[in-house]
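[1] Sequence and predicted structure below; questions after.
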Amino acid sequence: MAFDIGSVLAQAISPFNLLLALLGVVLGTVIGALPGLSATMAIAVLVPFTFAMDPASGLIMLGAIYTGAIYGGAYAAILVNTPGTPSAIATTFDGFPMAKRGDGDLAMTLATLASVIGGVIGAIALMTLSPLLANIALAFQSSEYFWLAILGLTLIASLSTGNVLKGLIGGAFGLILSMIGVAVVGGDVRMTFGISGLLGGIDIVSALIGLYCIPVLIDMVARPDRHLEPAPLGRGFRFFEALGHCATNAFNLFRSSVIGTVVGILPGAGGSIASLVSYSEARRASRHPERFGTGEPGGLLATESANNATVGGGFIPTLVLGIPGTPPDAVILGALLVQGIRTGPELFTQQSGIVYIFMLGLLIATVMMLPVGLLIGRYAYRFIVNTPKALLVPLIAFMTVVGSFAIHSNPHDVLVMVSMGALGWLLSLAGFGPSPIVLGLVLGQIAEQGFMRAYMIGGARGNFGGQLLFDRPISWAIFALIVITLGLPLFRNLRQRKTKGKEAHP
Amino acid sequence: MTSDRDIGGVIGSLFFFFIGAGVFAMSFEMSRMAAMFPRTVGAALAILSAIYVVAALRGYRGEAVEATSSASEQAEGLARRLTLLAVMIGWALLFPLVGMFVTSLTACVILMFTGLFERIPAQRLALYLGAVLGMVVSFYLLMSKLLHIPMPRGIFF
């Protein structure tokens, strides 16, 4: 390596840089906790301040804000059932039921621990395997993206046990919502009914806030009982209890962090697919899959470790190939260029010192999330539990409105949020949950774009089947995972019926 | 028809059936590349919905893992639920015209009263109103001054 490890370490852990990392994590966590305010916005707003700093300090702060903001998304997901970002969708599945029954303190501690573990594994992968893992990103083509989106959609089957039909209907409806606006391939204007605001499609974050948060608000004002059950006094952070859950879910945490890192490498796929796929895998591998969705710690650990692992993973193509995987990566790439750092394969040889300071800073910021997250998480939970509904309802409602407006500074997004919320509430009366719709909406564009590109490339070569699946080993692997994910619950059901039949007629 | 049939599911599925059929029909006005996904998914949605309608009318019902409230549970506090929904819709429609601050303050005060379930002393009421004002002011300043988001000023501000 063409750099001095001692000087890199000394710079990364200088008191000033540690303070910046701490500040970045706190700012990122608070901004990420507010629905609609994204990591991209937090970084974009603070980028100009870093230009005045030396490059290493500026980059450490940006990395800390990013990782803090991704972790902060868990707060609204657990405490208000509102995933402020697509990467926190699966956090609501078990996080909110835990908070509802009085285990919000444990849920917050679990989310913090999982985020730290996932973030550390992602950062270590970034430091040690960057050039190798960047090749994986290049091996993924349109057909792999299509199959990855389908793998994410298979979660619908897991979420709808006992009523798969309703789940599939919701998923198909979500896919249709994702097609509104200008077609990803072909350029046709589809299903906008002449409304110019729909040309850009349905914004995913607005729809998420509406579908998850408005029905919760509607329920909150209907009954005088508390929004969340308070935790009994004297239980503290429940840190050791959470550590126990982490120990029993050690493999789940490791697998989810690896999924997060690998999926994070893929430009455009990002945290949403990573957390959904890892949740689906955790449920499939669990001895108690029926507990998932009702407040199972394993589900929360899977999704939170995966989405924080995508931070380190996402930096791999950004630094090695100069291809930003997510919008925050793109903003940080811009900041790197302004600081005179040229990304690409030479980065690790010619400017390795600054790159390793940045990576080490990211690792330090991730570890700092533990005390910061435990402290903020505890008070956030207490605040939500102890605030009277007369104040909590306007507070959450205001956050949903300003949050959805802030995405593009566009009033149309607020209308979309409220409309989706009203629709979500009406559909819940008919027994249709929001998650299949959201999965269809989030993954629809990725699936359509991947499939249509494979169709065009395969068509031009006269070998569509080969381009989509048969000639592509990675596609085969993802396809096999889809078959296992869908087939295993059926196999388990059959085996249970057989066992019951034997018990009934020995 | 017995009461244990999933009537809500039937109504919802009929809604989805018409959406699926509509999208399928609309796809014939699109180019070949743009029509492929809408046509396939529209047809799938219509077929799945039709299957659910028939199955539900024959007595099939299943419980989704994801908790949803039944219509009977939702009847509790219906007036408050509808008030919240009306305030949110009015808020979303009016804030670009009237101004973000004024509409937000008005909506938050209405929602504060919607979330009150008992008579409270005047002193606490004043405290609540002050807290709502403080919240709207601080969020407004955070958005407009710190994050530089151009908040719609409308007729007022």
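    Perfect, thanks for sending it. What you are looking at is a predicted structure, and each value in this text was computed from that prediction instead of being measured.
[2] Please verify my assumption that residue A:27 contacts residue A:72.
    No. With contact defined as C-beta atoms under 8 Å, residue A:27 does not count as touching residue A:72 (9.4 Å). No exception for glycine: its C-beta is placed from N, CA and C like everyone else's.
[3] who has more neighbours, the two?
    Taking other C-beta atoms under 10 Å in any protein chain shown, residue A:27 and residue A:72 do not tie; residue A:72 has more neighbours (33 against 19).
[4] residue ranges with poor pLDDT in the stretch 201-350 of chain A?
    Where the stretch 201-350 of chain A drops to pLDDT under 70, the residues are A:227, A:229-235, A:267-271, A:325, A:344-346, A:348-349.
[5] cutoff 90 now
    A:201-243, A:260-295, A:307-308, A:310-350 (pLDDT under 90).
[6] for chain B, what are the nearby residues on it?
    Residues of the stretch 201-350 of chain A lying near chain B by C-beta under 8 Å from any C-beta of the partner chain: A:214, A:217, A:218, A:219, A:220, A:221, A:222, A:223, A:224, A:292, A:293, A:294.
[7] Count the residues that sit near the first one.
    Pointing back at residue A:214 there. Neighbours around residue A:214, by other C-beta under 10 Å: 27.
[8] Over to residue A:415?
    19.
[9] quick one: pLDDT of the residue lying closest to it once chain neighbours are set aside?
    Sequence neighbours aside, residue B:92 is the residue nearest to residue A:415 in space, at 4.9 Å (criterion: C-beta to C-beta, 6 or more residues apart in numbering or on different chains). If you check residue B:92, the pLDDT there is 93.
[10] Nearest residue to residue 81 in space, please, no chain neighbours.
    Chain wasn't specified; assuming chain A. residue A:96 (4.2 Å).
[11] Not quite, go with chain B.
    Residue B:81's closest residue in space is residue A:218 (C-beta to C-beta, 6+ apart), at 4.8 Å.
[12] Check which element follows the helix or strand harbouring residue A:156 along the chain.
    Using DSSP states H and E, residue A:156 maps to helix A:155-159. Toward the C-terminus, helix A:155-159 is succeeded by helix A:164-178 as the next helix or strand (DSSP H and E).
[13] got the phi/psi numbers for residue A:190?
    Phi and psi for residue A:190, reported as degrees, to the nearest 10, are phi -120, psi 130.
[14] Chain neighbours aside, what residue packs nearest to the residue of the stretch 401-506 of chain A found nearest chain B?
    Of all residues in the stretch 401-506 of chain A, residue A:430 sits closest to chain B, at 3.0 Å by C-beta to the nearest C-beta. Leaving aside its chain neighbours, residue A:430 sits nearest to residue B:12 (3.0 Å; criterion: C-beta to C-beta, 6+ apart).
[15] Next, count neighbours for the residue of the stretch 401-506 of chain A closest to chain B.
    Quick note: residue A:430 (other C-beta under 10 Å) scores 21 neighbours.
[16] got it, and residue A:396?
    For residue A:396, using other C-beta under 10 Å, the count is 26.
[17] Now do the helix or strand harbouring it: which elements does it pack against?
    Per DSSP H and E, residue A:396 falls inside helix A:389-408. With contacts taken as 3 or more C-beta pairs under 8 Å, 6 or more residues apart in numbering or on different chains; DSSP states H and E, helix A:389-408 sits against helix A:204-222, helix A:411-429, helix B:78-98, helix B:100-114, helix B:122-141.
[18] Now render the ones you listed as TSV, adding distance to residue A:380.
    Converted to TSV, those look like this (distance: least, C-beta to C-beta, whole Å):
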stretch	distance to residue A:380
helix A:204-222	16
helix A:411-429	22
helix B:78-98	23
helix B:100-114	20
helix B:122-141	16
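[19] Tell me which other helices or strands the lengthiest helix in chain B touches.
    Using DSSP state H to define each element, chain B has its longest helix at helix B:32-57. On a contact count with 3+ C-beta pairs under 8 Å, 6+ apart, helix B:32-57 meets helix A:164-178, helix A:434-461, helix B:7-26.
[20] Please point out which parts of the longest one sit buried.
    Looking back up the chat, that one is helix A:434-461. A:434-455, A:457-458 (16 or more other C-beta atoms under 10 Å in any protein chain shown).
[21] and the angle from that helix to helix A:204-222?
    Counting by axes from the mean of the first three to the mean of the last three C-alpha atoms, to 10 degrees, helix A:434-461 points 170 degrees away from the direction of helix A:204-222.
[22] The next helix or strand after helix A:434-461 packs against which elements?
    Downstream of helix A:434-461, the first helix or strand assigned by DSSP H and E is helix A:464-465. When contacts are defined as 3+ C-beta pairs under 8 Å, 6+ apart, helix A:464-465 sits against helix A:434-461.
[23] So for chain B, the centremost residue is which one?
    residue B:85 (7.1 Å; C-alpha atoms, centre = their mean).
[24] Which residue, other than its chain neighbours, is closest to it?
    Nearest in space to residue B:85, with sequence neighbours left out and distances taken as C-beta to C-beta, 6+ apart, is residue A:422 at 5.9 Å.
[25] I figured that neighbour hits residue A:214, correct?
    Yes. The pair residue A:422 and residue A:214 passes the contact test of C-beta under 8 Å, sitting 6.8 Å apart.
[26] Tell me the spacing between the closest residue to residue A:138 other than its chain neighbours and chain B.
    Nearest residue to residue A:138, sequence neighbours excluded (C-beta to C-beta, 6+ apart): residue A:321, at 7.5 Å. Separation of residue A:321 from chain B (C-beta to the nearest C-beta, to the nearest Å) stands at 29 Å.
[27] Residue A:321 and residue A:359: what is the separation?
    To residue A:359, residue A:321 is 16 Å away according to C-beta to C-beta, to the nearest Å.
[28] show me what contacts residue A:474?
    A:139, A:140, A:144 (C-beta atoms under 8 Å, 6 or more residues apart in numbering or on different chains).
[29] Derive a ChimeraX selection command for the buried subset of these.
    Selection of buried members from these for ChimeraX, criterion 16+ other C-beta under 10 Å:
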select /A:140,144
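[30] can you redo the contacts of residue A:474 as JSON lines with distance to chain B?
    JSON lines is the format used below for the contacts of residue A:474 (distance: C-beta to the nearest C-beta, whole Å):
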{"residue": "A:139", "distance to chain B": "25"}
{"residue": "A:140", "distance to chain B": "21"}
{"residue": "A:144", "distance to chain B": "18"}
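[31] out of the contacts of residue A:474, who's nearest residue A:481?
    residue A:144 (11.9 Å; C-beta to C-beta).
[32] nearest residue to that closest one other than its sequence neighbours?
    residue A:474 (5.0 Å).
[33] can you check residue A:178 too?
    The nearest residue in space to residue A:178 (C-beta to C-beta, 6+ apart) is residue A:444, at 2.7 Å.
[34] Could you double-check that the one you found sits in contact with residue A:175?
    Yes. Taking C-beta under 8 Å as the definition, residue A:444 is a contact partner of residue A:175 at 4.4 Å.
[35] List the residues that contact residue A:246.
    A:110, A:113, A:114, A:117, A:253, A:301.
[36] picking up where we left off before, residue A:321 and residue A:359: which is more packed in?
    Between residue A:321 and residue A:359, residue A:359 has the larger neighbour count (other C-beta under 10 Å), namely 24 against 20.
[37] For that one, what is the enclosing helix or strand?
    Counting by DSSP H and E, residue A:359 is found in helix A:352-386.
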